[in-house]
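>>> Requesting a structural model of the entry that follows:
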Amino acid sequence: MMALGTTINDYKRYSPVYDYSIIETGSLGGLEGVDLGSGLMTGSVNLISIPSIFFGSSIEKGSISLKFYYTGSLLDEAKDLRKNGELISTMGYASGSVVGMVLYDEGFILLTSSAPIGPNDGTTADQFARDAYTGQRVDTSDAQQDIASWLYFGAYLTGASILDDPDDPDTGANYYPSASLWRMSFRGTNKVPTKTMFAKAKSGEVNNSQNPTWISSSHAKWQDISFYNSASYIEPKQVPLKNTVQSEYCNHEDSFEKQVFISKLGIYDEDKNLIAVAKLANPVLKKESDAFTFKLKMDF
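This is a model prediction of the structure:
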């Protein structure tokens, strides 16, 4: 908690409940001294740590839901309804009050309210839901029955109780919550740096193809009649291109028109080195009169 002190105080910009030193007590449901505030410095705190592998960059605000069940019935649910980190009870005696807080970026949930969890129907203190959350004992036969509260959300004692005689069946038993069940849900966010680029194919440009089949089959071997020596390189003039314009009529060939099918886009660095290739799902037909702009996104 001392290590989180600076972080908690930094969250004050979202809500005043993020105060590392304040503890506020009052009465609720006939019980005196109920911890209603943060109590982070000297009060009891139920700290839940969520590994970052589960939420990515941050926990999404407004997505947290904590549910407290007892014997299969939902006693209370705490949610960050205001999206400011305050976990607010939505049912029972503590309904409407702040029972904890969330550190969204760090993945911590702090539950601070010791207010009893139960129906708001006039239930007395002796009739609240109880379970052996701490595993401690009050006598030689029964486990301590703590009143259900958000301080015990997820409580499960893995070690043995302090026993006088481990071999005595009346005192040699471990006690764990048997009627309580908890559920926590949230959504995470993952920020990925993305670079957006635009590749333009203007009209009258990008209308040549490097595909050898672009040349008419009658001049398919035009490279063989090219002349070159140490001083010059001469290609044959007027090498006809294959007419790829498809006519909608049978046994009829439309007039020649330059057109290409764009299937790949190359991405180059400032030194003209090819660093990436973007492939289109389907080749795009481009005529000389057409103009296209391709939008590319690259994740880093």
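>>> Okay, now the unreliable bits of this structure?
Applying pLDDT under 70 to the chain flags the ranges 21-39, 41-42, 119-127, 135-144, 157-176, 210, 217.
>>> Which helix in it has the most residues?
helix 5-10 (DSSP state H).
>>> Show me the contact partners of it.
The contact list for helix 5-10 (Cβ atoms under 8 Å, 6 or more residues apart in numbering) reads Tyr18, Asp19, Tyr20, Leu40, Met101, Leu103, Glu106, Leu110. Bear in mind the C-beta positions are built from the backbone N, C-alpha and C, glycine included.
>>> Got a quick PyMOL command for the buried subset of those?
To isolate the buried members of the contacts of helix 5-10 in PyMOL, using 16 or more other Cβ atoms under 10 Å:
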select buried, resi 18+19+20+40+101+103+110
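>>> now, which of the contacts of helix 5-10 sits nearest Lys264?
When the contacts of helix 5-10 are compared for distance to Lys264 (Cβ to Cβ), Glu106 wins out at 43.9 Å.
>>> what's Trp222 sitting at in phi/psi?
phi -60, psi -20 (degrees, to the nearest 10).
>>> How about it, nearest residue that isn't a chain neighbour?
Val239 (4.9 Å; Cβ to Cβ, 6 or more residues apart in numbering).
>>> what's the burial count for the one you found?
By the measure other Cβ atoms under 10 Å, the count of residues near Val239 is 15.
>>> now do Ile64
Neighbour tally, Ile64, other Cβ under 10 Å: 23.
>>> residue contacts, it?
Listed by Cβ under 8 Å, 6+ apart, the contact set of Ile64 reads Ala78, Lys79, Asp80, Leu87, Val102, Ile109, Met184, Ser185, Phe186.
>>> before we move on, back to that, most widely separated two among the contacts of helix 5-10?
Asp19 and Glu106 (17.0 Å).
>>> Phe294 falls within a strand, correct?
Yes. The assignment for Phe294 is a strand, going by DSSP: H, G, I helix; E, B strand; the rest coil.
>>> Once you drop chain neighbours, what's closest to the residue nearest the centre of the chain?
By Cα atoms, centre = their mean, the chain has its centre lying nearest to Gly188, at 2.3 Å. Distances taken as Cβ to Cβ, 6+ apart put Phe55 closest to Gly188, at 3.2 Å, once the chain neighbours are dropped.
>>> So that neighbour is in contact with Met184, correct?
No. Phe55 lies out of contact with Met184 (Cβ atoms under 8 Å); the separation is 11.7 Å.
>>> So for those two, which residue has more residues nearby?
Phe55 (19 against 14).
>>> got a list of what the more buried one touches?
Going by Cβ under 8 Å, 6+ apart, the list of residues near Phe55 reads Gly107, Phe186, Arg187, Gly188, Thr189.
>>> Filter the contacts of Ile64 down to the buried ones.
By 16+ other Cβ under 10 Å, the contacts of Ile64 give Ala78, Lys79, Asp80, Leu87, Val102, Ile109, Phe186 as buried.
>>> Would you mind listing the residues in contact with the third one?
The neighbours of Asp80, taking Cβ under 8 Å, 6+ apart as the test, are Lys61, Gly62, Ser63, Ile64, Glu86, Leu87, Ile88, Val102.
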